[in-house]
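Undergrad: Structure for the following, please:
(4 chains)
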Protein chains: 2
Amino acid sequence: MKSKKYSTTIRDVADLAGVSVATISRYLNNKSLLTEETAKKVQTAMAELNYTPNPIARNLSTNRTNAIGVVMNEIGGDFFTPLLEGIIETTEKNDFNLLIFTSTGRNRYNPAMLGSMYTDGLIVFIDSLGDEDIAYLHNSDHPIVLVHKSPPTGLQIPVVTIENKRASTRLVNHLIEKHNRRNIVFLRGPEGNEDSFWRELGYREALSTHSIPFDPRLVLVGGFDRFKAKEVIEKLVQEKTQFDAVFAGDDEAAIGVLQALKENGISVPGKVAVVGFDDQRLCPFLNPPLSTIHAPTDLVGVNAAEQLIKMIRNEPVEDIILLPTKLVIRESCGCNSVPENIE
Amino acid sequence: MKSKKYSTTIRDVADLAGVSVATISRYLNNKSLLTEETAKKVQTAMAELNYTPNPIARNLSTNRTNAIGVVMNEIGGDFFTPLLEGIIETTEKNDFNLLIFTSTGRNRYNPAMLGSMYTDGLIVFIDSLGDEDIAYLHNSDHPIVLVHKSPPTGLQIPVVTIENKRASTRLVNHLIEKHNRRNIVFLRGPEGNEDSFWRELGYREALSTHSIPFDPRLVLVGGFDRFKAKEVIEKLVQEKTQFDAVFAGDDEAAIGVLQALKENGISVPGKVAVVGFDDQRLCPFLNPPLSTIHAPTDLVGVNAAEQLIKMIRNEPVEDIILLPTKLVIRESCGCNSVPENIE
DNA sequence: CCGGTTACTGTAACCGTTTACATTCTACAT
DNA sequence: ATGTAGAATGTAAACGGTTACAGTAACCGG
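TA: Numbers count the residues shown, from 1 in each chain, chains lettered A, B, ... in the order given. So this is what the prediction gives:
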C-alpha cells in the first residue's frame, strides 16, 4: 500500500525502548508524568532511531492540522509582502504552519471546504472569499479572521483592519489648511472596497469642516490601480476640469496620477498636490517623494494571526482591531521638508 | 478522542449509496470502472451529504501530502513577491498546496525533517538551509530544487537560477563603451553569495576585454543592502578614491549608492554612473531611473515549482535551468532614454 | 493483612482514507 | 449444464499517531 520509503514509527521506538506506544506518545505530548527511568529509555530510543513523529498521523488523530491558511485574491502588489511577513512572524512563533491559497485557482474543490480540512483556521483577505463561503465556514465552526473587510451582515467574525477615516480627514485637512487647496480630487478604489469607503468619508468630512462644497465631478474611480488612475486623471485634464490636489485613494493610484500629471506638464506639487495612502516601500523614491498615510500592514498580519490562533485555542478575541495609521509628510503635498512625520 | 465537530466520512456516503467504501474511493480516484448505475448512486449520495474527502486521511494513507514547501531566509525585499507569485501560479495549476517556511523560526524540530513530513518536496532558496540539511533531505529521497544556489559538492540536485555573468559583462561593457567609464566600482553581495560571484566574474571579464586593469580597491562589499552600500560608498568618497561608475551588485545596493552620492553632491549619471541588478519594481521611479538587468524572478518561481512537481511525479528534470536576463537601460547609466521602455 | 489511593504503564479502538486480495456476477464457449 | 475469464464490488488491513479504559505496583491507614 505504501511507498518503499521506510520511516521509523512510534512503534519502532516503543519496541526499542521496551515500552508501549502510549508511553512514547505521552512522553512526546507530556500528558502524564513518566518515571525518570522510563523517560530516559524513551529519549535514548528516540535519539538512536532519529525519530520524528509524523505530523499527518497526528493530524488525523487529533483532528487538528496545526496550520493556518491565508486566502488572498492576488499576490502581487506591495501589500502582500508586509502582510505575509507579519503573519509568518506570528505563525512561526506559535509553531503553526502556513498555507497560502489564492482564490483564483482551485476549481476542483470549493476553496471553503478545502481550507477547512487543511487548516485550523483561515485569514481571509478583503474579498478573496465570497460572503456565502465565509458564512459557510463560520457556521461550521471553522475559525476565521477577516482582514480589511467586515463580516457579512449578522455574523460575528473578528476583523483586523486599519483606521482609514480619521487619517484621511487629517490628510485632506493638511492639503486644505497648509497648502490652501480647495478643489481636491478623490480617487475611489475598486467597487465595494471598504477601505475606499472610509477614506472617502474622511475626505468628505475634511471638506465639510472647511465648508467646501462636495463636488461629485471630483470623485472618480481610480481602482487602486496605477493605470486606471492615470487614465482617469488624463481624462480630467483633457476635460479641463479644475483641480489643485489629488487624494489618490492609495499609493498605487498615486503613482498613476503622478505619471499623468508629469506627461501633461502639470507640476507637482506646484500646480497640483498629490497624496496617497499606504506608504508603500517606494513612496520616498517617487518624484516628488509622496506624502501619504502609513498603514501598518505588517502589524495587520501579526494581529490577524494572533487573533486567529487565539480563536483556535478557544481564547477570547476582540471583535475588531483597528490599527492606527499616521501621516507621512514628504514633498508631493507641497511641503518642502526633510521627511517629517506628524504624530 | 475527538472534537465534537461532526464531519461526514466516506462511510456515510457508502451507507447512503448502498455500496462499500472501496467503491466510493474508487469513484473518487477513478481507479477502476464503475457501472453507470453505481456511479450515479455514488454521485447522488455525495451530493446529498455534501461530502468532501478528508485530505489528511488521504495523506496518511497514500504517504503523499500534495503540498510543496518553500524555504526562505527572509520574507521582506522585493525579491520575495515575484518569486512566490511564480510558485503559486504553478502550484495552483497543479493542485498542490503551498507551505511557507522561514529558516529562522522553528527551533523545536529540525526544519529539514519537518519539511519532509509536511511536504512532497521543497524549494530551497539561496542559503535558507545548510548544506547538511540539504544533503540529509536529498539522501532520504525527498525531492528538492535549489533556487539561486548550486548543490553541495557531490550531490546532484536540480537548480533554477538566472544568467548572471554574461548580463553583468554586457552591463559593464555598456558603461565602458557607451559612457566611457573606466574606474568602475563593483559592490559584492553577502559573503558566499553565488549571484554575486558570477556578477563579479562578468564585471572582471568586461574590464579585461577592454584592457582595463582590475583594481581591487574598487571592489567592495555592499552586501546587497541599501545601508551597507551607502556606507561603503560614503567611505570611498571620503577617501577620495577616484571612480566614475558603480555597478552596485543589485538594485537594493544601488539605492544606497544613489543616496550616498546625492548626499555628497555627486551628480548621477553626470559624474558617476550607477547601475544595479534585478530590475525591482521601484527602479523606474528612482532618481534618476535606474539602469539595471532584469531578472525574471517570477519565472524562477514557475520553473522551480515545475521542476519540483516533475520530480515528485518521477518525471525527468533538468539539472540546471539558467533563465535569461536582459539589460534594461534607463538613465542612471548616462543614457537619456525618454521612453519608459520596460513596464 | 487488607481495601483504597495514587502513579505509572499497557491494550486496543479510533481518526478517514487507500488498496491488496477475495468474492460475486455475467457472459460466453464448451 | 458447466467451466471460466473478466469485470464490478466487497472485506479488511494498513497508514502512524492519540487516548479511553484497564491493569498493576507501591504505599498508606486502620
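
Undergrad: Remind me which helix or strand residue A:98 belongs to.
TA: Applying DSSP states H and E as the criterion places residue A:98 in strand A:97-102.

Undergrad: do that strand and chain B meet?
TA: Yes - legend: contact between strand A:97-102 and chain B by C-beta under 8 Å from any C-beta of the partner chain is shown at A:97-102. C-beta coordinates here come from the backbone N, C-alpha and C atoms, glycine included.

Undergrad: That strand: partners in the sheet, and parallel or antiparallel?
TA: Looking at strand A:97-102 with DSSP bridges, its partner strands are strand A:67-72 (parallel), strand B:97-102 (antiparallel).

Undergrad: could I get the residues of strand A:97-102 next to chain B as JSON lines with neighbour count and pLDDT?
TA: Output for the residues of strand A:97-102 next to chain B, formatted as JSON lines (neighbours: other C-beta atoms under 10 Å in any protein chain shown; pLDDT from 0 to 100):
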{"residue": "A:97", "neighbour count": "24", "pLDDT": "91"}
{"residue": "A:98", "neighbour count": "23", "pLDDT": "92"}
{"residue": "A:99", "neighbour count": "23", "pLDDT": "91"}
{"residue": "A:100", "neighbour count": "22", "pLDDT": "90"}
{"residue": "A:101", "neighbour count": "25", "pLDDT": "88"}
{"residue": "A:102", "neighbour count": "21", "pLDDT": "82"}
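
Undergrad: my guess is residue A:25 contacts residue A:11, does it?
TA: No - using C-beta atoms under 8 Å, residue A:25 makes no contact with residue A:11, being 10.7 Å away.

Undergrad: Looking at these two, which is more packed in?
TA: Neighbours per residue, other C-beta atoms under 10 Å in any protein chain shown: of residue A:25 and residue A:11, the larger number sits with residue A:25, 16 against 11.

Undergrad: Using the three-state scheme, assign the more buried one.
TA: Using DSSP: H, G, I helix; E, B strand; the rest coil, the three-state assignment for residue A:25 comes out as helix.

Undergrad: what's the closest non-adjacent residue to the residue positioned nearest the centre of chain A?
TA: In chain A, the residue lying closest to the centroid (C-alpha atoms, centre = their mean) is residue A:83, at 4.6 Å. Distance criterion C-beta to C-beta, 6 or more residues apart in numbering or on different chains; nearest residue to residue A:83, sequence neighbours excluded, is residue A:301 at 4.4 Å.

Undergrad: One more: residue A:7?
TA: residue A:54 (7.1 Å).

Undergrad: give the contact list for that neighbour.
TA: Contacts here follow C-beta atoms under 8 Å, 6 or more residues apart in numbering or on different chains; on that basis residue A:54 touches A:7, A:9, B:60, B:117.

Undergrad: Can I have the buried ones of those residues as a PyMOL selection?
TA: Of the contacts of residue A:54, the buried ones go into a single PyMOL selection, burial set by 16 or more other C-beta atoms under 10 Å in any protein chain shown:
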select buried, (chain A and resi 9) or (chain B and resi 60+117)
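
Undergrad: what's the neighbour count on residue A:33?
TA: 9.

Undergrad: Return the backbone torsion pair for it.
TA: Note on residue A:33: backbone dihedrals following degrees, to the nearest 10 are phi -70, psi 140.

Undergrad: measure it to DNA strand D for me?
TA: 13 Å (C-beta to the nearest atom of the strand, to the nearest Å).

Undergrad: number of nearby residues for the residue nearest to residue A:96 when sequence neighbours are not counted?
TA: Residue nearest to residue A:96 in three dimensions, not counting chain neighbours: residue A:68, with 5.4 Å by C-beta to C-beta, 6+ apart. Using other C-beta under 10 Å, residue A:68 has 28 other residues around it.

Undergrad: Tell me how far residue A:68 lies from residue A:298.
TA: 17 Å (C-beta to C-beta, to the nearest Å).

Undergrad: and chain A, what are its domains?
TA: A:1-43, A:67-161+A:297-320, A:165-296+A:327-341 (automatic domain parsing).

Undergrad: Could you confirm whether the last one reaches chain B?
TA: The one in question is domain A:165-296+A:327-341. Yes - on the criterion C-beta under 8 Å from any C-beta, domain A:165-296+A:327-341 is in touch with chain B at A:255, A:281-282, A:285-287.

Undergrad: Just flag the most distant two among these.
TA: A:281 and A:287 (15.4 Å; C-beta to C-beta).

Undergrad: Give me the below-cutoff pLDDT ranges for chain A.
TA: Where chain A drops to pLDDT under 70, the residues are A:1-6, A:103-114, A:337-343.

Undergrad: Now do the helices in it.
TA: Assigned by DSSP state H, the helices in chain A fall at A:10-17, A:21-28, A:36-49, A:55-62, A:80-93, A:111-118, A:131-139, A:165-179, A:194-209, A:226-238, A:251-263, A:297-312.

Undergrad: now for the first one, which elements pack on it?
TA: Yep, that's helix A:10-17 we're talking about. helix A:21-28, helix A:36-49 (3 or more C-beta pairs under 8 Å, 6 or more residues apart in numbering or on different chains; DSSP states H and E).

Undergrad: Ok, the third one next?
TA: In this structure, helix A:36-49 packs against helix A:10-17, helix A:21-28, with contacts taken as 3+ C-beta pairs under 8 Å, 6+ apart.

Undergrad: Redo those as CSV? Include distance to residue B:235.
TA: Output for the helices and strands packed on helix A:36-49, formatted as CSV (distance: least, C-beta to C-beta, whole Å):
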stretch, distance to residue B:235
helix A:10-17, 57
helix A:21-28, 54
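
Undergrad: Please convert these to JSON lines, extending it with distance to DNA strand D.
TA: Listed next are the helices and strands packed on helix A:36-49 as JSON lines, based on distance: least, C-beta to the nearest atom of the strand, whole Å:
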{"stretch": "helix A:10-17", "distance to DNA strand D": "3"}
{"stretch": "helix A:21-28", "distance to DNA strand D": "3"}
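
Undergrad: of all those, which lies closest to residue B:292?
TA: Nearest to residue B:292, of these and by C-beta to C-beta, is helix A:21-28 at 51.1 Å.

Undergrad: packing partners for that closest one?
TA: helix A:10-17, helix A:36-49.

Undergrad: Go again with 6 Å.
TA: Counting contacts by 3 or more C-beta pairs under 6 Å, 6 or more residues apart in numbering or on different chains; DSSP states H and E, helix A:21-28 is packed against helix A:10-17.

Undergrad: nearest residue to residue A:283 other than its sequence neighbours?
TA: residue A:290 (4.3 Å).

Undergrad: Columns distance to residue B:149 on top of the domains of chain A, output as TSV?
TA: Formatted as TSV, the domains of chain A follow (distance: least, C-beta to C-beta, whole Å):
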stretch	distance to residue B:149
domain A:1-43	25
domain A:67-161+A:297-320	21
domain A:165-296+A:327-341	25
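
Undergrad: can you redo the ones you listed as TSV with distance to DNA strand C?
TA: Output for the domains of chain A, formatted as TSV (distance: least, C-beta to the nearest atom of the strand, whole Å):
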stretch	distance to DNA strand C
domain A:1-43	3
domain A:67-161+A:297-320	8
domain A:165-296+A:327-341	36
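
Undergrad: Quick one: closest of those domains to residue B:46.
TA: The nearest among the domains of chain A, by C-beta to C-beta, is domain A:67-161+A:297-320 at 12.4 Å.

Undergrad: okay, how far is it across the closest one, tip to tip?
TA: 23 Å (C-alpha to C-alpha, to the nearest Å).

Undergrad: Distance from that domain to the middle of the chain?
TA: Averaging C-alpha positions (C-alpha atoms, centre = their mean, to the nearest Å) puts domain A:67-161+A:297-320 9 Å from its chain's average.

Undergrad: and that domain, anywhere near DNA strand D?
TA: No - Domain A:67-161+A:297-320 does not reach DNA strand D (C-beta under 7 Å from any atom of the strand); its nearest approach is 13.4 Å.

Undergrad: just checking, residue A:14 touches residue A:22?
TA: No - between residue A:14 and residue A:22 no contact is recorded; they are 8.4 Å apart, counting by C-beta atoms under 6 Å.
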